[in-house]
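> pasting the sequence and the predicted coordinates here, then a few questions.
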Protein chains: 2
Amino acid sequence: MVPSYDQIAEKVRHVKLRDKIGNPQEAAAAVKDGMIVATSGMARAGYPKSFPTALAERARSGENLKIDLYTGASVGEELDGQLSSLDMIKKRLPYQSVKSIRDSINKRKIQFIDQHLSHTGEQVGYGYLGKIDMAIIEALAVTEEGGIIPTTSVTNSPIYAQEAESIVVEINTAQSAELEGVHDIYIPESPPYRREIPLYRSQDRIGLPYIKVPPGKIKYIIGSDVPDNPYSLAVPDEISLAIARQLCTFLQGEVRAGRLPENLLPVQGGVGTIGNAILEGLAEFKGVEIYSEVLQDNVFKLMEEGKIAAASGCAITLSPEGQKKYLPRIGLFKDHLVLRPLGISNHPELIRRLGVIAINTAVELDIYGQVNSTHVMGSKMLNGIGGSGDFARNGSLSIFVTPATTKNGAISCIVPMVTHVDHTEHDVMVVITDQGIADLRGLSAEERAEAIIENCTAAQYRPLLKEYFSEACNKSGGNQPQLLDKAFQWHLRLQETGSMLL
Amino acid sequence: MVPSYDQIAEKVRHVKLRDKIGNPQEAAAAVKDGMIVATSGMARAGYPKSFPTALAERARSGENLKIDLYTGASVGEELDGQLSSLDMIKKRLPYQSVKSIRDSINKRKIQFIDQHLSHTGEQVGYGYLGKIDMAIIEALAVTEEGGIIPTTSVTNSPIYAQEAESIVVEINTAQSAELEGVHDIYIPESPPYRREIPLYRSQDRIGLPYIKVPPGKIKYIIGSDVPDNPYSLAVPDEISLAIARQLCTFLQGEVRAGRLPENLLPVQGGVGTIGNAILEGLAEFKGVEIYSEVLQDNVFKLMEEGKIAAASGCAITLSPEGQKKYLPRIGLFKDHLVLRPLGISNHPELIRRLGVIAINTAVELDIYGQVNSTHVMGSKMLNGIGGSGDFARNGSLSIFVTPATTKNGAISCIVPMVTHVDHTEHDVMVVITDQGIADLRGLSAEERAEAIIENCTAAQYRPLLKEYFSEACNKSGGNQPQLLDKAFQWHLRLQETGSMLL
């Protein structure tokens, strides 16, 4: 699992820094109980693997050791899985997706901070999240100047490296050397009187291809050869394909109406099966640019086919086949592919300037277009809000997609009132389900309810939603009528009977 | 009420445009049923007065006439009051505060679109809100080039003027000529590939002191001499003063901790009594800059005392005394006072870059820090979200203030679950009531609940909130426990008994 000294040394071009090469146990031994440890990693890509394993050994050998763990976003089993199942995490931010850590968060054994991904780096810079003791960064290599070249994700590593007391570099020899040159590292200044972020096109490069740190801050250089947790790519189901078709219909209409250019505006798309189906649908448009967080298989497929002109992201997350197919020759994409820090990929200034088309997935949404992205039944955390808010708030178009129902129709994803709000109606312009499109732009609350119920709901729930809306209008009145005694009746029924249907 | 031809002509420096001078009835006659009419005005300042009165005459004489009315934000009785009470408004955006229009919105006789104020101009530019037929802009004068000099507010007038089919200029001879030179008009480009907004300090000027339009687009120039609806400034009550004191304590702590410079970062503050009390409190800091929407009396008082170094806003809203005291010599403030379009005063790029300290008022907030700013009992619209979201999302600090209780303690402003969400917990860093401060930065949902309940609630509600939280933890569990069958019990009790107390 751990590469030899020579294998690591080959990647450390700063000759003096080769003195810091050691084994993961030595680096992990520097962690003290209560420390804030910040790591690279997002979408289970580019996170440290041998460091957390060595840290876990300390707990397995009986030591009582807890840390606050800050990452880029979701990381793999080696980090979130091991440490949470050994009860080694006290506080965790800003996003996660591994079952064992989610369980611990929902038992409140881990204090979880669910943040807009663009806010974490900013808040670290302001000193709101405490002093970072150690930054652990998965790297491809260390440059002649001592700069750290990230691997498949950049995330918050530049700001963590800048703010941390000490840095551990984990050279991953399993990562493709072709990734060098893909990254563009830029850290915004601090106020007062800071300047703009000088980025104007998705593919602009505004920084360095490595993370610049004072070499003296690197205390350990360790190795690993474990590939990223691959993303399992389900074959798109009928519902995902239907959603993707509706979305394309909508975007084609915008082009025809002259509200979008033929190659659209830069697109942000969510991850997962729906996200991949949507990207596939974008093949209908030529010369599309991607300005997003996570780049999945289809981005590279469409770039090869010449249908995507440029892709900017923060992480590359591929299926096992995608890893084999694209990573060894990722260098070929370099002219049109940029990996950036989260503070840039998700920066409100840039999303607004570029006019990004934001496409995000809702867990549930209500008749007025309030969106729940995080908490099942209002209480249980799924993964976190991630960057959806950064894009939905600032994009030129904010589209939310969801199946009309799940669990074979037992759950309607469109409900009278969502049990938790992550995106308010102010940030939701278009709702798309497999059933249809509700274009909410320029609509009042009443008109929004009518459009969502009519166009986006499943047939068996439509009359029930109409009944709720009509009763709310009559009994409560107001601009956005709700029945406070019945708003969550569907959810309570689901708990009791296993279905939201009467 | 209407100035003479000569009085108007004196203000129209573009000689040929004097041909367009006419009476309000002629201009109002150009409005056709179903048109989209967009006006200047915000915080009841700088909105047209004689035009809506002439328009109202048409309805009073029996004509059936309805328009969609887009404004900057809240406008006075002459516009929102008259037109809504005559049932002349079909659609209205983005914010309002006059009783008769609020009533019509809550009867859903007017379709109201409640928007982030920074979004309106952007969406008009994208063509999402239809084609504007007429823009009516209150002006101080028309320049030699045919440029329109606004009065006490800028708001969306530049983009409305740019996008409208035709323009009516309403010269208000009651407005202080000293306002000339206070405005800075800059309209962002459209994507793709647009540039940054080149503003780096609160007092930076980046545009023109007037709204540039093709002179041929100005179809009518009419007059009025009605001053703005003054803002009634209540003497700060004990609760407002207590909130202001808590806020100062908090900010002083931030300065001591080195997280804020001694003159803070630019401050955005809400309007009204609490807003004014807070500004008064800022006198403790020297050299503070204001980067806000609405500038009230205390801004000018503190500028005169040398305690505020610069003020940038979108509207000047003064009490009757303030109007007399400051408007005739407003030119003296010009070096440090800038009025901007809403698209600039509220631009996410700029709020984030400047690191604005955002201070906004909540109608109610819940134990996890979700904020309701708009809908009483979840259904009835108050005024709208306004710019609170623009600032809360993007500021370096997002502070929400509210009294712990209202209606002599019958209502707790901190509830188990808010009945409508305008700001999610992701955008709320600090909660301040007259009872105390909950600093939520870096806290999990559980820790947020404990801090808010412990520090910010009134004594009589505290045990009830603790009981709810504890029951939710036990029964529902999860990251952010809620009881879906009891979440709104307090509100239902209030409806039944007139009090949230058991």
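Done, it's in. Numbering: from 1, shown residues only, chains lettered A, B, ... in the order given.
> ok, A:T173 touching A:D225?
Yes. With contacts counted by Cβ atoms under 8 Å, A:T173 reaches A:D225, the gap being 4.8 Å. (Glycine included, C-beta is placed from N, CA and C.)
> for those two, indicate the residue with more neighbours.
Neighbour tally, A:T173 and A:D225, criterion other Cβ atoms under 10 Å in any protein chain shown: the higher count belongs to A:T173, 18 against 15.
> make sure A:P3 is indeed in a helix.
No. Looking at A:P3 with DSSP: H, G, I helix; E, B strand; the rest coil, it is coil, so not inside a helix.
> now the strands for the stretch 401-502 of chain A?
In the stretch 401-502 of chain A, the strands defined using DSSP state E, counting those that start in this stretch lie at A:405-406, A:411-412, A:414-415, A:430-433, A:436-439.
> would you format the ones you listed as a markdown table with distance to chain B, mean neighbour count and mean pLDDT included?
As requested, the strands of the stretch 401-502 of chain A are arranged in a markdown table below (distance: least, Cβ to the nearest Cβ, whole Å; neighbours: other Cβ atoms under 10 Å in any protein chain shown; pLDDT from 0 to 100):
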| stretch | distance to chain B | mean neighbour count | mean pLDDT |
| --- | --- | --- | --- |
| strand A:405-406 | 18 | 18 | 98 |
| strand A:411-412 | 14 | 23 | 98 |
| strand A:414-415 | 11 | 27 | 98 |
| strand A:430-433 | 10 | 25 | 98 |
| strand A:436-439 | 9 | 20 | 98 |
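> out of those, which is closest to A:P198?
strand A:430-433 (30.9 Å; Cβ to Cβ).
> show me which residues of the stretch 1-150 of chain A are close to chain B?
A:91, A:105-108, A:111-116, A:119, A:122-123, A:126-130 (Cβ under 8 Å from any Cβ of the partner chain).
> drop anything exposed from those.
A:91, A:105-106, A:108, A:111-116, A:119, A:122-123, A:126, A:128-129 (16 or more other Cβ atoms under 10 Å in any protein chain shown).
> still on that earlier bit, list residues touching both of A:T173 and A:D225?
A:P3 (Cβ atoms under 8 Å, 6 or more residues apart in numbering or on different chains).
> among the buried ones among the residues of the stretch 1-150 of chain A next to chain B, which two are most distant?
A:N106 and A:Y126 (29.1 Å).
> who are the contact partners of A:L465?
A:367, A:412, A:414, A:416, A:453, A:457.
> burial count for the fifth one?
Using other Cβ under 10 Å, A:I453 has 20 other residues around it.
> tell me if I'm right that it and A:S470 touch.
No. Shown here, A:I453 and A:S470 do not form a contact pair, counting by Cβ under 8 Å, at 10.2 Å.
> on that earlier part again, now, which of the buried ones among the residues of the stretch 1-150 of chain A next to chain B lie within helices?
Using DSSP state H, the subset of these located in helices is A:105-106, A:119, A:122-123, A:126.
> need these in a markdown table with pLDDT, can you?
Below are these laid out as a markdown table (pLDDT from 0 to 100):
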| residue | pLDDT |
| --- | --- |
| A:I105 | 98 |
| A:N106 | 98 |
| A:H119 | 98 |
| A:E122 | 97 |
| A:Q123 | 98 |
| A:Y126 | 97 |
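> of these, which is the nearest to A:F285?
The closest of those, once distances to A:F285 are taken by Cβ to Cβ, is A:H119, at 31.5 Å.
> quick check: pLDDT value at the closest residue to chain B within the stretch 151-300 of chain A.
Nearest residue of the stretch 151-300 of chain A to chain B (Cβ to the nearest Cβ) works out as A:P191 at 3.3 Å. pLDDT recorded at A:P191 is 95.
> my guess is it is in a strand, correct?
No. Using three-state DSSP, the assignment for A:P191 is coil, not a strand.
> tell me who's in contact with it.
Applying Cβ under 8 Å, 6+ apart, the residues near A:P191 are B:265, B:353-355, B:396.
> and it, how far is that from B:L260?
For A:P191, the distance to B:L260 equals 10 Å [Cβ to Cβ, to the nearest Å].
> ok, A:A54 next?
39 Å.
> more crowded one of the two?
B:L260 (23 against 20).
> hmm, B:L251 and the more buried one touching each other?
Yes. Contact status for B:L260 versus B:L251: in contact at 6.8 Å, counting by Cβ under 8 Å.
> what do those two both touch?
With Cβ under 8 Å, 6+ apart as the test, B:L260 and B:L251 both reach B:I357.
> show me the contacts for A:H423.
A:360, A:362, A:370-371, A:373, A:388-389, A:392, A:400, B:424.
> show me what it is bridged to.
A:V371 (DSSP bridges).
> which stretches of the stretch 351-500 of chain A have low pLDDT?
Within the stretch 351-500 of chain A, not a single segment meets pLDDT under 70.
> which parts of it are helices?
With DSSP state H, counting those that start in this stretch, the ranges of helices along the stretch 351-500 of chain A come out as A:388-394, A:445-456, A:462-475, A:489-497.
> now the third one and helix A:445-456, what's the angle there?
Translated: helix A:462-475. Angle of helix A:462-475 versus helix A:445-456, following axes from the mean of the first three to the mean of the last three Cα atoms, to 10 degrees, is 170 degrees.
> and helix A:462-475, what's buried?
A:462, A:464-466, A:468-469, A:472-473.
> what about the closest residue to A:D237 other than its chain neighbours, neighbour count?
Leaving aside its sequence neighbours, A:D237 sits nearest to A:T273 (Cβ to Cβ, 6 or more residues apart in numbering or on different chains; 7.0 Å). Using other Cβ under 10 Å, A:T273 is surrounded by 19 other residues.
> now A:Q25
16.
> next, it: secondary structure please.
A:Q25 ends up helix, using three-state DSSP.
> so what's A:A177 up against?
Here A:A177 is in contact with A:140-141 (Cβ under 8 Å, 6+ apart).
> now do 10 Å
A:A177 makes contact with A:11, A:140-141, A:149, A:327-328, A:330-331, according to Cβ atoms under 10 Å, 6 or more residues apart in numbering or on different chains.
> ok, of the residues you listed, which come out buried?
A:11, A:140-141, A:149, A:327, A:330-331.
> possible to save those as JSON lines with secondary structure, distance to A:L179 and pLDDT?
Output for those, formatted as JSON lines (DSSP: H, G, I helix; E, B strand; the rest coil; distance: Cβ to Cβ, whole Å; pLDDT from 0 to 100):
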{"residue": "A:K11", "secondary structure": "helix", "distance to A:L179": "12", "pLDDT": "98"}
{"residue": "A:L140", "secondary structure": "strand", "distance to A:L179": "6", "pLDDT": "98"}
{"residue": "A:A141", "secondary structure": "strand", "distance to A:L179": "10", "pLDDT": "98"}
{"residue": "A:I149", "secondary structure": "strand", "distance to A:L179": "8", "pLDDT": "98"}
{"residue": "A:L327", "secondary structure": "helix", "distance to A:L179": "8", "pLDDT": "95"}
{"residue": "A:I330", "secondary structure": "helix", "distance to A:L179": "6", "pLDDT": "96"}
{"residue": "A:G331", "secondary structure": "helix", "distance to A:L179": "8", "pLDDT": "93"}
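> ok, residues contacting the helix or strand in which A:Q323 is found?
Assessed by DSSP states H and E, A:Q323 sits inside helix A:320-326. Outside helix A:320-326, the residues within contact range by Cβ under 10 Å, 6+ apart are A:45, A:152, A:174, A:176, A:178, A:227-228, A:230-233, A:295-301, A:303-304, A:316-319, A:332-333.
> just the pLDDT at the nearest residue to A:K66 once chain neighbours are set aside, thanks.
Closest residue in space to A:K66, ignoring its immediate chain neighbours: A:K90 at 4.5 Å, by Cβ to Cβ, 6+ apart. We have a pLDDT of 98 for A:K90.
> list the buried residues of stretch A:136-149.
Neighbour count says stretch A:136-149 has A:136-143, A:146-149 buried, by 16+ other Cβ under 10 Å.
> what about that stretch, start to end distance?
Stretch A:136-149 has an end-to-end distance of 13 Å (Cα to Cα, to the nearest Å).
> tell me how far it is from the chain's mean position?
Remark: stretch A:136-149 is offset 24 Å from the chain centroid, using Cα atoms, centre = their mean, to the nearest Å.
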